[in-house]
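**Q** Coordinates for the following, if possible.
(chains A and B)
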Amino acid sequence: DAGITQSPRHKVTETGTPVTLRCHQTENHRYMYWYRQDPGHGLRLIHYSYGVKDTDKGEVSDGYSVSRSKTEDFLLTLESATSSQTSVYFCAISDQDYGYTFGSGTRLTVV
Amino acid sequence: QQQVKQSPQSLIVQKGGISIINCAYENTAFDYFPWYQQFPGKGPALLIAIRPDVSEKKEGRFTISFNKSAKQFSLHIMDSQPGDSATYFCAANRGGSRLTFGEGTQLTVNP
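**A** Numbers count the residues shown, from 1 in each chain, chains lettered A, B, ... in the order given. The predicted structure is shown next:
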């Protein structure tokens, strides 16, 4: 999607290992978000950021941490990956906390 | 907890038919109601959105109907096409809060 890039697109990792997903934007939007998508649960907010070094928890933040040292980058870290964190992760951006633009997602498998 | 309930979970429609997806919300402070469309392997994309000061918004074949007193809103897809086959998410928020998403509806339009 134009203006927002997620990396990697796919990742397989072992239980107990740390994993970092990256979201990069070129839109200079203030707000950035991490969601996970699972069947039957829709999109659930993990963490979000409203500025550099300003972050807050969403509804499913346990086991995840985030960092935003630059406007354009928002990192999601799974501190010690578990099988329950197997999911598709989406980053989103917005400039007014209304209309969100989503990235193409990262499919993470924890084995 | 702010919730948005979406139904049905899945919907099968014949080409040329009308697809209808419904959502109900609880928080009367919500003031923004978007619908997102997601194709397999892609991130959700904003399709159409409405504010509570109007009861209907139409963009091409897509219409949002909004019933403030019932706290419900729905997406109508007229003349449904196979290319409309996707997952649709409703969402809601108010300024300063994060979007809350429904669980999603998988729409299949048969040719």
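**Q** in what helix or strand does residue B:88 lie?
**A** Using DSSP states H and E, residue B:88 sits within strand B:86-92.
**Q** and the residue of chain A found nearest chain B, how far is that from residue A:61?
**A** Ranked by C-beta to the nearest C-beta, the top residue of chain A for proximity to chain B is residue A:102, at 3.4 Å. For the C-beta atoms, the positions are set from N, CA and C on the backbone; glycine is no exception. Per C-beta to C-beta, to the nearest Å, residue A:102 is found 19 Å from residue A:61.
**Q** These two - which one has more neighbours?
**A** residue A:102 (23 against 17; other C-beta atoms under 10 Å in any protein chain shown).
**Q** mind listing what the more buried one touches?
**A** A:1, A:4, A:35, A:90, A:91, A:92, B:36, B:43, B:44, B:45 (C-beta atoms under 8 Å, 6 or more residues apart in numbering or on different chains).
**Q** before we move on, back to that, run a quick neighbour tally on the nearest residue to the residue of chain A closest to chain B once chain neighbours are set aside.
**A** Of all residues not flanking residue A:102 in the chain, residue B:43 sits nearest, at 3.4 Å (C-beta to C-beta, 6 or more residues apart in numbering or on different chains). Residue B:43: 23 surrounding residues under other C-beta under 10 Å.
**Q** cool, residue A:103 as well?
**A** 24.
**Q** Which residues are in contact with it?
**A** Counted by C-beta under 8 Å, 6+ apart, residue A:103 has contacts A:1, A:4, A:5, A:6, A:23, A:90, A:91, A:92, B:43.
**Q** Could you do residue A:34 as well?
**A** A:21, A:23, A:45-48, A:58, A:64, A:66, A:74, A:76, A:89-91.
**Q** would you say residue A:84 is within a helix?
**A** Yes. The assignment for residue A:84 by DSSP: H, G, I helix; E, B strand; the rest coil puts it in a helix.
**Q** partners of residue B:36 in the sheet?
**A** residue B:46, residue B:89 (DSSP bridges).
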